[in-house]
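A.B. asks: for reference, the sequence and a predicted model appear below.
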Amino acid sequence: MAKPKVAFYWCARCGGCEESVVDLAEGVLKVVEAVDIVFWPVALDFKRSDVEAMADGEIAVAFINGAIRNSEQEAMAKLLRKKAGLVIAYGACAYQGGIPGLANLTDKEAILQYVYQQSPSTSNGNGTRPQPHLKVPEGDLELPEFYEAVKTLDQVIDVDYYLPGCPPTAKITFQAIEAILSGKLPEKGAVLAGDRALCYECDLNSTKPEKLLVTDLKRPHQVIIDREKCLLAQGILCLGPVTRGGCEAQCVKGGMPCTGCFGPLGRVRDYGGKALSAIASIVDSTDEKVVAKVFEALPDPAGTFYRYSVPASLLAGKRKAA
Amino acid sequence: MSNNFNPSIVGFFCNWCTYLAADLAGTSRMKYAPNVRVVRTMCSGRVDPQMILWAFRHGADGVLIGGCHPGDCHYQEGNYKALRRSKLLRKMLPQFGIEPERLRLEWISASEGERLRDVVNEFTAEIRHLGPLHKKQAAPQMAVAA
């Protein structure tokens, strides 16, 4: 029997998701034994035309990482959707927009202006900007169109499953591949990780006080972190209580608070709203002035609570003036 | 902004105080701006920020939360939670291009029908002054399926 065909693709991303596939280490051999990788730009020399030449649905599963920032990424996502039986949004960017999604807190014009005109290292006297089409004597040149806003993968194509994380851990990736190979998949649209908050699997959970209250919030660089004590109880902004578990609290084990890359739990619609709610609730003061003072430690609430999820959030990004 | 703009305002009113104040204003036949669509909640502390963001996403020009005066919360400290959440939300909303004034938290007790009338009138006028939150056609990025 022919091995199932698998494709990997990257959109607006950093490359960490590709790295995480390599992080399967020897496990990757088992995967390669079981499947045929037919498309993987980071590692194998297949071209878009190779994918175009395939029959619809010929690829068993396509893992797409990265958010959708430009028209090329959208076109590739649509092509892979057509050719693949299953599409998996791989990693925080494809799932909720990720770090590139923070760009939605500004706008296209401001980004282009900074990058092509204002940044200190830029010398662009003519104010040249990239154009989607350009006629030169040699012919017509084309560049992908830079979109107004970053989108999640499921805002441009139908997505079957989601693998959260920045990047997804080797463990959940391997579990997902096993589930696909054995056909033991949950209902369509599921996030392939647990549905319990990170605190449940955190080693420091036992040190979390019965009633968690903080009197001032600290950022990791401002304190020496006690590695044996619940970070939130130390006043360090850890988003474990509102974040989906599955990563086995790797950041906390490494002495850093959770920043929420696994995204919301199943019943939460808007990760940042829930995170903001949780943190605001545990501030131990009823005095408006004291509360305002505590929040001074949060100069960038949107970036803190929506670090990986602006495009997927209810507000989706900065509002255009009415 | 033109004066004929009729703002849509969502009001989350606590069952034990502000909602009763609205009841009192009604039975006392007070007249006030009809712009607030009231959602009765058991406590202002029950108002999840997601509900506020949902309202803004789906067409509200302003959100008014009514809770019990400090010390009067039926559940001891729900109103303080509402206070802290709205403070932090108001700090965050400008990052999404939404004026913080569009979210307002007020303490209105069950006997303060007149105060409810005044707050609603005042808030409606303020939102009318700020203008609509949404363009006539929603921006494409706001039109993503929930």
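C.D. replies: Structure's in. What do you need?
A.B. asks: what pLDDT is listed against the residue of the stretch 101-250 of chain A at minimum distance from chain B?
C.D. replies: The minimum distance from the stretch 101-250 of chain A to chain B, using Cβ to the nearest Cβ, falls at A:A149 (4.4 Å). The way it works is simple: take the backbone N, C-alpha and C, and place the C-beta from them, glycine included. A:A149 is assigned 96 on the pLDDT scale.
A.B. asks: tally of neighbours for it?
C.D. replies: Burial measure for A:A149: 25 neighbouring residues, criterion other Cβ atoms under 10 Å in any protein chain shown.
A.B. asks: need the contact partners of the helix or strand where it lies.
C.D. replies: Taking DSSP states H and E as the criterion, A:A149 maps to strand A:146-151. Contacts to strand A:146-151, defined as Cβ atoms under 8 Å, 6 or more residues apart in numbering or on different chains, come from residues A:12, A:67-71, A:74, A:97, A:100-101, A:103-104, A:107-108, A:112, A:130, A:310-311, A:316-317, B:140-141, B:144.
A.B. asks: those residues in strands, which ones?
C.D. replies: Of these, the ones assigned to strands by DSSP state E are A:68-70.
A.B. asks: so where is the chain shaky, pLDDT-wise?
C.D. replies: You didn't pick a chain, so chain A it is. A:1, A:321-322 (pLDDT under 70).
A.B. asks: let's do chain B instead
C.D. replies: B:1-3, B:136-146.
A.B. asks: after the host helix or strand of B:V10, which helix or strand is next?
C.D. replies: B:V10 belongs to strand B:9-14 when elements are defined using DSSP H and E. For strand B:9-14, the following helix or strand on the C-terminal side (DSSP H and E) is helix B:18-27.
A.B. asks: who are the packing partners of that following helix?
C.D. replies: Packing partners of helix B:18-27 (3 or more Cβ pairs under 8 Å, 6 or more residues apart in numbering or on different chains; DSSP states H and E): strand B:9-14, strand B:36-41, strand B:62-67, helix B:113-130.
A.B. asks: please identify the buried residues of the third one?
C.D. replies: Neighbour counts over strand B:62-67 (16 or more other Cβ atoms under 10 Å in any protein chain shown) mark B:62-67 as buried.
A.B. asks: before we move on, what about the second one?
C.D. replies: Residues B:36, B:38, B:41 are the ones in strand B:36-41 that count as buried (16+ other Cβ under 10 Å).
A.B. asks: so which of the ones in strands among the contacts of strand A:146-151 wins on neighbours?
C.D. replies: A:I68 (29 neighbours).
A.B. asks: leaving out sequence neighbours, find the closest residue to it.
C.D. replies: A:K151 (4.2 Å; Cβ to Cβ, 6 or more residues apart in numbering or on different chains).
A.B. asks: if you count neighbours, what's buried in the one helix or strand A:F8 maps to?
C.D. replies: Counting by DSSP H and E, the element that carries A:F8 is strand A:5-10. Neighbour-count burial for strand A:5-10, with 16+ other Cβ under 10 Å as criterion, is recorded at A:5-10.
A.B. asks: which helices and strands sit right next to the helix or strand following it?
C.D. replies: For strand A:5-10, the following helix or strand on the C-terminal side (DSSP H and E) is helix A:16-22. Packing contacts for helix A:16-22, counted by 3+ Cβ pairs under 8 Å, 6+ apart, involve strand A:5-10, strand A:59-65, helix A:170-182.
A.B. asks: got the angle for the last one vs strand A:59-65?
C.D. replies: Spelled out, it's helix A:170-182. 160 degrees (axes from the mean of the first three to the mean of the last three Cα atoms, to 10 degrees).
A.B. asks: okay, buried residues for the helix or strand following helix A:170-182 please.
C.D. replies: Following helix A:170-182 in sequence order, the next helix or strand is helix A:250-253 (DSSP H and E). For helix A:250-253, the neighbour count (16+ other Cβ under 10 Å) marks A:251-252 as buried.
A.B. asks: quick one: strands adjacent to the strand holding B:V10?
C.D. replies: Partners of strand B:9-14 in the sheet, by DSSP bridges, are strand B:36-41 (parallel), strand B:62-67 (parallel).
A.B. asks: secondary structure element holding A:L141?
C.D. replies: Going by DSSP H and E, A:L141 is part of strand A:139-142.
A.B. asks: paired strands for that strand, with orientation please.
C.D. replies: Partners of strand A:139-142 in its sheet, by DSSP bridges: strand A:133-136 (antiparallel).
A.B. asks: now the partner strand - C-alpha only, PDB.
C.D. replies: Below are the C-alpha coordinates for strand A:133-136, written out as PDB (Å, rounded to 0.1, in the frame of the first residue of the first chain):
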ATOM      1  CA  HIS A 133       3.200  44.700 -10.400                       C
ATOM      2  CA  LEU A 134       6.100  46.400 -12.200                       C
ATOM      3  CA  LYS A 135       6.700  46.600 -15.900                       C
ATOM      4  CA  VAL A 136      10.400  46.500 -16.900                       C
END
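A.B. asks: distance from the chain centre to that strand, please.
C.D. replies: Relative to the centre of its chain, strand A:133-136 is centred 35 Å away, using Cα atoms, centre = their mean, to the nearest Å.
A.B. asks: and A:V291, what helix or strand is that in?
C.D. replies: Going by DSSP H and E, A:V291 is in helix A:288-295.
A.B. asks: how about the residue nearest the centre of chain B, nearest residue that isn't a chain neighbour?
C.D. replies: Against the mean C-alpha coordinate of chain B, by Cα atoms, centre = their mean, the closest residue is B:L64 at 1.1 Å. Leaving aside its chain neighbours, B:L64 sits nearest to B:G11 (4.5 Å; criterion: Cβ to Cβ, 6+ apart).
A.B. asks: and if you look at A:K208?
C.D. replies: A:C230 (4.1 Å).
A.B. asks: ok, the one you found - contacts?
C.D. replies: Contacts of A:C230 (Cβ under 8 Å, 6+ apart): A:202, A:204-205, A:207-209, A:212, A:238.
A.B. asks: buried ones from the residues you listed, can you make that a PyMOL selection?
C.D. replies: If you want just the buried ones from these in PyMOL, going by 16+ other Cβ under 10 Å, the selection is:
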select buried, chain A and resi 202+204+208+238
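A.B. asks: still on that earlier bit, quick one, phi psi at the residue nearest to A:K208?
C.D. replies: Backbone geometry at A:C230, expressed as degrees, to the nearest 10, gives phi -40, psi 130.
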